[in-house]
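Chemist: Quick check, what structure comes out for this input:
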Amino acid sequence: MKTVLKVTFALCAAWILGGCTALRLAYEHADTYLLYRANSYLDLDPKMSDELDERIDEFFAWHRKNALPQYARISEEAARRLADGLSREDIVWGYDSLVANARQSLRVAAERIAPILDRLTPQQVAHLEKRFADDNRKFAREYLRGSEQDRRKRRAKRLEERLEDWVGNLSHAQLEKVKAFSERTPLYDELRERDRKRLQSELLDMVRKHEAQKRLPDLAANWDKGRDPAHLAASENFRQEYYALLLDLDKTLTQEQRAHAQSNLRRYAEDFKILARRAGAG
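Modeler: Here you go, the predicted structure:
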């Protein structure tokens, strides 16, 4: 699952980089990065690595043709909606649009990689399990370390940086709103950790049974299916509180901040169009 999720999540990460050049550069080199990352998880022999390289190329050919035009439209529409101030419906539309596209891309990515996963040796499966354990230790260091207050401060800082990527520097009053959000919203990283391990366990089970082609596409596209009800409730609560924060902040945006965010969205839309056109040229 980790390898499959990297495909789409790397693209999402590229979107939030600061500037169109960075986005294009990240996307153009994403195939090489993903091959390197997949090999680090799967410990493939040269023949399987070459096959994976071809399958990654197939995925990106599909993604350029089918997903990038949708991201361009979403970016343009988001810029238009942002101009007059956001409503809750606008934020829900943005979230739902991105999640729907991510599910589609993850399913296609899973369909491409599943045949390789079904041929992994016991030694390669053991290597994958070890890499999952490494990831879990890294997650614990980043999200579970320290007191509750320390964790809330780190969460507020991450959110502050993410928002400033979009609108530029936040005012003192805006930063206080972010801090208040982090203080009042429950932490649920322990639930997230358990869910990560649930997905890892499901993936390892299907790989050991050589059932990735049958089971992985649905698991990748519906990663939240089978979640602990407590996690579902906590995630929904966090999302609703986050929507409220965004609406509150939107009311305080200066003309410069709003223009900055719109400019980012329009640049991203243009980048997605350029990258999609290169698919046609190819």
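Chemist: so where's this protein shaky on pLDDT?
Modeler: Residues of the chain meeting the criterion pLDDT under 70: 1-25, 279-282.
Chemist: try 80
Modeler: For the chain, residues meeting the criterion pLDDT under 80 lie at 1-36, 278-282.
Chemist: In terms of secondary structure, what does the lengthiest helix in it contact?
Modeler: Identified as the longest helix of the chain according to DSSP state H is helix 88-117. Counting by 3 or more Cβ pairs under 8 Å, 6 or more residues apart in numbering; DSSP states H and E, the packing neighbours recorded for helix 88-117 are helix 2-15, helix 30-42, helix 46-62, helix 68-83, helix 212-221, helix 229-250. Heads up, the C-betas are built off the backbone N, CA and C, glycines and all.
Chemist: between the third one and helix 30-42, how big is the angle?
Modeler: Inter-element angle recorded for helix 46-62 and helix 30-42: 140 degrees (by axes from the mean of the first three to the mean of the last three Cα atoms, to 10 degrees).
Chemist: Same question for the fifth one.
Modeler: With the same axes, to 10 degrees as the basis, helix 212-221 and helix 30-42 are set at 120 degrees to each other.
Chemist: which outside residues touch helix 212-221?
Modeler: Residues outside helix 212-221 that contact it (Cβ atoms under 8 Å, 6 or more residues apart in numbering): 1, 4-5, 103-104, 106-107, 109-111, 113-115, 117-118, 199, 202-203, 206, 225.
Chemist: The same query, at a cut-off of 10 Å, please.
Modeler: 1, 4-5, 7-8, 102-120, 199, 202-203, 205-207, 209, 225-226 (Cβ atoms under 10 Å, 6 or more residues apart in numbering).
Chemist: How about the longest one?
Modeler: Counting by Cβ under 10 Å, 6+ apart, the neighbours of helix 229-250 from elsewhere in the structure are 82, 85-88, 90-92, 94-95, 159, 163, 167, 170, 173-174, 177-178, 180-182, 184-192, 194-195, 198, 224, 227-228, 257-258, 261.
Chemist: Now that we have the contacts of helix 212-221, which of them are buried?
Modeler: Buried subset of these (neighbour count, 16 or more other Cβ atoms under 10 Å): 1, 4-5, 7-8, 102-114, 116-118, 120, 199, 202-203, 206-207.
Chemist: In PyMOL, select just the buried ones from the contacts of helix 229-250.
Modeler: Remark: buried members of these, expressed as a PyMOL selection using 16+ other Cβ under 10 Å:
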select buried, resi 82+86+90+91+94+159+163+167+170+174+177+178+181+182+185+187+188+191+192+195+198+227+257+258+261
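Chemist: what number of residues lie near L265?
Modeler: 21 (other Cβ atoms under 10 Å).
Chemist: What sits closest to it if chain neighbours are left out?
Modeler: Nearest non-adjacent residue to L265, counting by Cβ to Cβ, 6 or more residues apart in numbering: A79, 3.9 Å away.
Chemist: I'd say the one you found and S263 touch.
Modeler: Yes: A79 lies in contact with S263 (Cβ atoms under 10 Å); the separation is 8.3 Å.
Chemist: Which one of those two is surrounded by more residues?
Modeler: Taking other Cβ under 10 Å, A79 and S263 do not tie; A79 has more neighbours (18 against 11).
Chemist: how close does that one sit to L86?
Modeler: 12 Å (Cβ to Cβ, to the nearest Å).
Chemist: next one: L117
Modeler: Noted for L117: a distance of 41 Å to L86, by Cβ to Cβ.
Chemist: same question, D165
Modeler: 17 Å.
Chemist: and if you look at E270?
Modeler: Using Cβ to Cβ, E270 is found at 22 Å from L86.
Chemist: for S182, same thing?
Modeler: 21 Å.
Chemist: quick one: contacts for E202?
Modeler: E202 touches 1, 215-216, 219, 223, 226, counting by Cβ under 10 Å, 6+ apart.
Chemist: Okay, angle between the strand or helix carrying it and helix 88-117 too, please.
Modeler: Using DSSP states H and E, E202 falls within helix 189-208. Following the same axes, to 10 degrees, one obtains 30 degrees for the angle between helix 189-208 and helix 88-117.
Chemist: now D43, nearest residue through space, not along the chain?
Modeler: Nearest-residue entry for D43: H127, 4.3 Å, with adjacent residues in sequence omitted and distances by Cβ to Cβ, 6+ apart.
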